[in-house]
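[1] I need the structure of the sequence given here:
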Amino acid sequence: MAGDSSPSFNEPSDVAVALIEQAEELCPVHNHVTRVIGNLDISEQAFSDLYTKSNPRGFDFDAIIRTFLYQKICALL
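    As a prediction, the model looks like this:
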């Protein structure tokens with residue numbers, strides 16, 4: 001789309017690199033991993049296999065990605 005400022009991701013690793021770069025910028029500003037994850041700009045267009053809600057009480061895609069990131073980060077600590 002012309003004029004679209006959303007980043008273009010060709011590989012899954014591009015998404016990871018973009019999130020890591022954002023996190024590196026946010027770490028000095030925020031003093032806790034939850035604040036860093038909460039302030040990431042996560043583009044749904046970056047993911048090809050979007051989470052779909054199976055019922056009206058389902059969780060938003062953004063919340064699922066942030067939860068996944070938190071779980072992975074905590075497992076590494």
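
[2] From Asp60, how far out is Glu24?
    In this view, Glu24 and Asp60 are 25 Å apart by C-beta to C-beta, to the nearest Å. C-betas here are computed from N, CA, C, even on glycine.

[3] let me redo that: Asp14
    23 Å.

[4] Low-confidence regions, the chain specifically.
    Applying pLDDT under 70 to the chain picks out residues 1-12, 48-55, 76-77.

[5] That one: helices as residue ranges?
    Here the chain has its helices, by DSSP state H, at 12-26, 33-38, 61-76.

[6] So which bits of the second one are buried?
    Right, the one you point to is helix 33-38. Val33, Val36, Ile37 (16 or more other C-beta atoms under 10 Å).

[7] if I pick the residue most central in space within the chain, what's in contact with it?
    Centroid-nearest residue in the chain: Ile42, 4.0 Å away (criterion: C-alpha atoms, centre = their mean). By C-beta atoms under 8 Å, 6 or more residues apart in numbering, the contact list for Ile42 reads Leu19, Asp62, Ile65, Arg66.
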